[in-house]
Each structure stands twice: as C-alpha cells, then as structure tokens.
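[1] Here you go, sequence then predicted model.
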Amino acid sequence: MNPQGVPVQRSRRLLLGAAAGLAGAAASLWPEARLLAEQVQDFVMGPPMTDIAPRQISPHVWIVFAPDGFPTPENKGMMSNVTFVVTSKGVVIVDSGSSLQIGQMVIRQIRQVTHKPVVAIFNSHFHGDHWLGNHAFVEAFGKDLPIYALPKTRELIAGVEGNMWRTMMERWTNQSTSGTQVFAPNRTVEHGQEFNFGDVTLKMHFYAKAHTDADLCVQVVEDKVTHVGDIAMANRIANMDDGSYPGTFKYYKLLAEATGEQLWTPGHGQPGKDILKTYGQFLSGIWEPCLRAVEEGQSVSEAKAMVLADPRVASRAQSMQGFDSNIGKYTSLAYLEAEKIAF
C-alpha cells in the first residue's frame, strides 16, 4: 500500500494511465509537454524480479532457468531462459530475458559466480522474451556493449517490432515490466562466424527458416553446448506463427551435421542431448497428418483430429505447457503450409 492507502500495483497502473493520457494530449501541444510525458513514463518502474539461482551445465556455461513457458503477472515475464558463458575475457550473455528487471536479476546472479564484466550479448531471434533484457546490461556495462544478432533480427527490433514486443510484454504481465526500453542489437553476425573470448570460442549457426526466418544458434565449441533459442523446446509448444515445419526439420539436420553431439540448450525448458530428436518427433506428429490430410482432400478439422490421435502428439497432451490453448492454431498453420507445398 502507498501512504494514501492505494495498493502499489493499482497506483502504478493509475500513473501509467495518466502518463499515457498526458502523452496523447501532448502530441498536439508543444515539445516540452511531450518530453514531460515521456519522462513520466520512463519514471514508472515495474517491481524487481525475484532472484533465481543460476545452474552450471558445463565448464563455462550457466543458465538462469525460467519455470514458466508463457508470461503472466505472477511470473513478471520470466518465461525464457537466460544463458551466460564465463570466459577468460569476460561474461557473454546468450538471450537476455524479457525485461529490464529480469536482466537486473541475472546480473545479480552473475555476481554470485564471477566479478568479470559482461562483454557481449547474443540475441537468438526477434521475439521480445529473448532480448528485452538488453536494457539492463547496457545500463550496467555501457551503451557501447556489443549486442550481436542476425541482420533480420537487428532490423526488426530496431523497427516497429521492438516497441510492439515491449508493449505486449507490459500488457501480459500487468505492467510488471514497465520501465523497460528497447535496445536493439548494434552488430550483426553471419553463419559460420566465430568469436574468440580467450579460452572460449562461440560459433554462429543459421540454416534458414525454422521457428522464425532469423533463428541464430550459438555453439560454445569447447563445451560441446549449443544454445538453440526457440527452434526446439523441452516441454513447451512453440510459436510457429513466423516459422516453418519443414524448415525446422531441415534446420535440425544441418545443425546436427555441423556440430556433432551437443548438449542442446533451449530458450524454454531444460537442456538435453536429445531435444532436437524428441521435439522433432512432436512437430512431425503435427506436420505429417496435416500433409496427409491435404493430399487426401480432407478438411483442417479432420486434420486436427488426425493430429490429436497421433501418438507423437497424444503423448505430450497432458504435460506440455500451452498445449490446449495452442495445438489448434499450430495445426492450422501446418495445414496451410502443407497446402502451399501440395499445390
């Protein structure tokens, strides 16, 4: 409660609403009023993120795990893993989280492991839960901190996509991520490029469209660990709005051939050596019935029944995060993609 007896969360929402109203009114007034509105919005901050202790998964790699797969007011947007690599040259972040507050929490956790500075960030793709935390690291380590991504990811975050994700995350978390600003990648990478951080080499992988058309996988060469972002997940149904089913299968094949046996670390869920296989089987259980339905002239509703009956999908129905709310949508997307291929 604040001194006036209004709950803090409600006070913050009221102030945000007032700021939004002021911003709208100021749009047709003088520049000073517009600047004041922007400053009010920047001042309003969401609550700090609860500490989550990092877990070491290899000699150089640590992960701050997100227990949930989707953003809510209760988890304050902590829906995706933040990975950090401790090298002789400093700490490298691979995906920075969903907000300023989450990034600040991760910095606190890094300080429990090492006092080396963060020297670089790699963003796997343009979905906001993987890069909105950039703000915290720029704030702590300077505006010249290198932030790397594929060119498409950099372009989209710097454009309309960046502010869209910031706004949506605030809405999904009931303003818990308020105060987060967009800090787009400032450097680009290309497939096959290697970065040396003293005792650690990071190798970049990109094999066209999978979860999106700009999915960067980052291999920690010495540890035989590869961060796969959202192209594969442990136990969460993945967003395929920007993706491709056959593209994902092709990506898995080429990535595995290029790296050999790896510990795959997903953006959501626990790492494992068989994630590409197990998640690939699940996606195949969606894709193959849809392709068969299209070839046999069956409807999308008939395709969905076939998908739900497929043992590769049915075995996940009770345990997979987001299954009930998303399986219909992602079956429809598979059906539409199968139609394009068939015709």
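    Thanks, I have it.

[2] Which strand or helix spans residue 119?
    Assigned by DSSP states H and E, residue 119 belongs to strand 118-122.

[3] Show me the strands paired with that strand, marking each as parallel or antiparallel.
    Applying DSSP bridges, strand 118-122 is found paired with strand 90-94 (parallel), strand 147-149 (parallel).

[4] Need the distance between the two termini of stretch 57-67.
    Using C-alpha to C-alpha, to the nearest Å, the end-to-end distance of stretch 57-67 comes to 17 Å.

[5] What are the buried residues along that stretch?
    57, 58, 60, 61, 62, 63, 64, 65, 66 (16 or more other C-beta atoms under 10 Å). Where you see a C-beta, it was placed from the backbone N, CA and C, and this is true even at glycine.

[6] Off-centre distance for it?
    16 Å (C-alpha atoms, centre = their mean, to the nearest Å).

[7] Kindly report the same for stretch 325-340.
    Taking mean C-alpha positions (C-alpha atoms, centre = their mean), stretch 325-340 and its chain are 21 Å apart.

[8] What lies in contact with that stretch?
    Residues outside stretch 325-340 that contact it (C-beta atoms under 8 Å, 6 or more residues apart in numbering): 237-241, 244-246, 286-287, 290-291, 293-294, 300, 303-304, 307-308, 313, 317.

[9] what does stretch 287-294 give?
    245-246, 249, 299-300, 302-303, 306-307, 310, 331, 334-335, 337-339, 341-342.

[10] so residue 147 touches residue 183, yeah?
    Yes. With contacts counted by C-beta atoms under 8 Å, residue 147 reaches residue 183, the gap being 6.9 Å.

[11] Which residues are in contact with each of those two?
    Both residue 147 and residue 183 are in contact with 134, 138, where contact means C-beta under 8 Å, 6+ apart.

[12] The two: which has the busier surroundings?
    Taking other C-beta atoms under 10 Å, residue 147 and residue 183 do not tie; residue 183 has more neighbours (26 against 21).

[13] where along this protein do the helices fall?
    8-26, 31-43, 100-113, 134-141, 151-158, 160-172, 245-259, 275-295, 300-309, 311-314, 323-342 (DSSP state H).

[14] Adding mean neighbour count and mean pLDDT as columns, could you present these in JSON lines?
    Below are these laid out as JSON lines (neighbours: other C-beta atoms under 10 Å; pLDDT from 0 to 100):
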{"stretch": "helix 8-26", "mean neighbour count": "14", "mean pLDDT": "47"}
{"stretch": "helix 31-43", "mean neighbour count": "13", "mean pLDDT": "54"}
{"stretch": "helix 100-113", "mean neighbour count": "21", "mean pLDDT": "98"}
{"stretch": "helix 134-141", "mean neighbour count": "21", "mean pLDDT": "98"}
{"stretch": "helix 151-158", "mean neighbour count": "20", "mean pLDDT": "98"}
{"stretch": "helix 160-172", "mean neighbour count": "16", "mean pLDDT": "97"}
{"stretch": "helix 245-259", "mean neighbour count": "18", "mean pLDDT": "98"}
{"stretch": "helix 275-295", "mean neighbour count": "21", "mean pLDDT": "97"}
{"stretch": "helix 300-309", "mean neighbour count": "17", "mean pLDDT": "97"}
{"stretch": "helix 311-314", "mean neighbour count": "15", "mean pLDDT": "98"}
{"stretch": "helix 323-342", "mean neighbour count": "17", "mean pLDDT": "95"}
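
[15] Ok, which of these comes nearest residue 210?
    helix 245-259 (4.1 Å; C-beta to C-beta).

[16] contacts for the closest one?
    Under the criterion C-beta under 8 Å, 6+ apart, residues 205, 207-211, 215, 217, 219, 224, 226, 228, 231-232, 262, 276, 280, 283-284, 286-287, 334, 337, 341 lie in contact with helix 245-259.

[17] Go again with 7 Å.
    Outside helix 245-259, the residues within contact range by C-beta atoms under 7 Å, 6 or more residues apart in numbering are 205, 207-211, 217, 219, 226, 231, 276, 280, 283, 287, 334, 337.

[18] Run through the residues that contact the closest residue to residue 119 other than its chain neighbours.
    Closest residue in space to residue 119, ignoring its immediate chain neighbours: residue 90 at 3.4 Å, by C-beta to C-beta, 6 or more residues apart in numbering. Each residue near residue 90 by C-beta under 7 Å, 6+ apart is listed here: 116, 117, 118, 119.

[19] List the buried residues in stretch 84-93.
    Here stretch 84-93 shows 84, 85, 86, 87, 89, 90, 91, 92, 93 as buried, counting by 16+ other C-beta under 10 Å.
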